[in-house]
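1. sharing a sequence plus its predicted fold:
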Amino acid sequence: MNYPDLENKTVLVTGASRGIGRAIAEALAKQKAHVVFNYRGDESKANELAEHLKSLGASKVGAIQFDVTDFDMMKTNIDAYVKENGPISGLVNNAGISKDQLVLRVKPEDIDSILNVNLKAAMVLTNHLSRQFLKAKDVSVVNMSSVVGLMGNISQSVYAASKAGMIGFTKSFAKELASRKVRCNAVCPGFIATEMTENLEEKAKDHYLQAIPLGSYGETEDVAALTLFLLSNSSKYITGEVIKVDGGLYI
C-alpha cells in the first residue's frame, strides 16, 4: 500500500534499532516519511541506521540521543529537535523489554525495570508530546502492546501487566484528545519472528505454533503494515482501538 499523506510526515519510532521497530522505520522510509528514532549511546550504529533509512527513500531522518527511561534527557533532546525541525505528528511507542520468569522468582527491581521501559516511558513521552500535538495536523499515536497483554502468559506476569497497562493508557489518551483530532490506537502482535522468538527452545516454539490457527509466526512486516495504516489518514476515523496481529492466536 502507498499512503501519500505519510510523505514528509514526521514520525518518531522508539526502539527502531531492531525487530518490529526497525521494520516500522523501514516501512515509513519507503513511504518517504521524515523518520525520527532514538538511540542510547552508539552514535556510529545510529548513523548507519540513518543512512540505511535514507537509502530506502526517507525524505529526512533524525536520530535523537536518549534512553526512554531517562526522562529529562528525553524531553530536552526531543524539544531541541522539534524546535529545529518542526512538530512531530506521528509517534510509535515501540521500545520494550521482556524478562520471562515465574512469579515466585520475580523481584521488585524486575517489575520496576519492565514497567519503566514498557509502560512509563511511553506514557511520559506521549504526554510530553501532547502539547505540541495540539498544534500539529493529522496526529496519530500507535502504542505497541501485545496479545499477552490481553490473554496473559505463564512466566510473563510483569510483561503482560505492562502491555495491558498500555491498552488502558491508549484508550484513555484517545478519549481525552479525540476532540482535538489526535488519534491513538494500540497494536497487539502475537508471536512475531524476531530475535526474541529465535532464542526460544524448540519445544516452546512447537507449543506456540500449535496454538496459532494460521500455523506460523508472523513477520515484522505484518506489524509494520498495520502501523502504517494507523499512522495514515486512511484510518482517520479509527481511535482508541486495540488491533491484534496474531494469526488467530486470541480466537
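-> Here it is on my side, so go on. Residues are numbered from 1 along each chain as shown.

2. by contact count, what packs against the helix or strand Ala27 falls within?
-> Using DSSP states H and E, Ala27 sits within helix 19-30. Judged by 3 or more CB pairs under 8 Å, 6 or more residues apart in numbering; DSSP states H and E, helix 19-30 is in contact with strand 10-13, strand 34-39, helix 43-56, helix 220-231. Bear in mind the C-beta positions are built from the backbone N, C-alpha and C, glycine included.

3. does the residue of the chain positioned farthest from its centre sit in a helix, a strand or a coil?
-> When distances are taken from the C-alpha mean of the chain, Leu104 lies farthest, 29.5 Å away, according to CA atoms, centre = their mean. Put simply, Leu104 is helix when judged by DSSP: H, G, I helix; E, B strand; the rest coil.

4. before we move on, the earlier item: tell me which of the helices and strands packed on helix 19-30 sits nearest to Tyr81.
-> Nearest of the helices and strands packed on helix 19-30 to Tyr81, taken as CB to CB: strand 34-39 at 7.1 Å.

5. can you report the mean pLDDT over the residues of the closest one?
-> The average pLDDT within strand 34-39 is 98.

6. circling back to that earlier point, any chance of the helices and strands packed on helix 19-30 in TSV, plus mean neighbour count and distance to Phe71?
-> What follows is those, written out as TSV (neighbours: other CB atoms under 10 Å; distance: least, CB to CB, whole Å):
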stretch	mean neighbour count	distance to Phe71
strand 10-13	26	15
strand 34-39	26	13
helix 43-56	15	20
helix 220-231	22	24
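
7. so for Leu177, which of these sits nearest?
-> With CB to CB as the measure, helix 220-231 is the member of those nearest Leu177 (15.1 Å).

8. just checking, what packs against the closest one?
-> Helix 220-231 sits against helix 19-30, strand 90-93, strand 140-144, strand 183-189, strand 242-245, with contacts defined as 3+ CB pairs under 8 Å, 6+ apart.

9. mind listing what's buried in the helix holding Ala27?
-> Neighbour-count burial for helix 19-30, counted by 16 or more other CB atoms under 10 Å, picks out 19-29.

10. can you check stretch 147-159 too?
-> By neighbour count on 16+ other CB under 10 Å, the buried set for stretch 147-159 is 147-150, 156-159.

11. hmm, who's touching that stretch?
-> 98-103, 106, 110-111, 114-115, 118, 146, 160-167, 188-190, 242, 244, 246, 249-250 (CB atoms under 8 Å, 6 or more residues apart in numbering).
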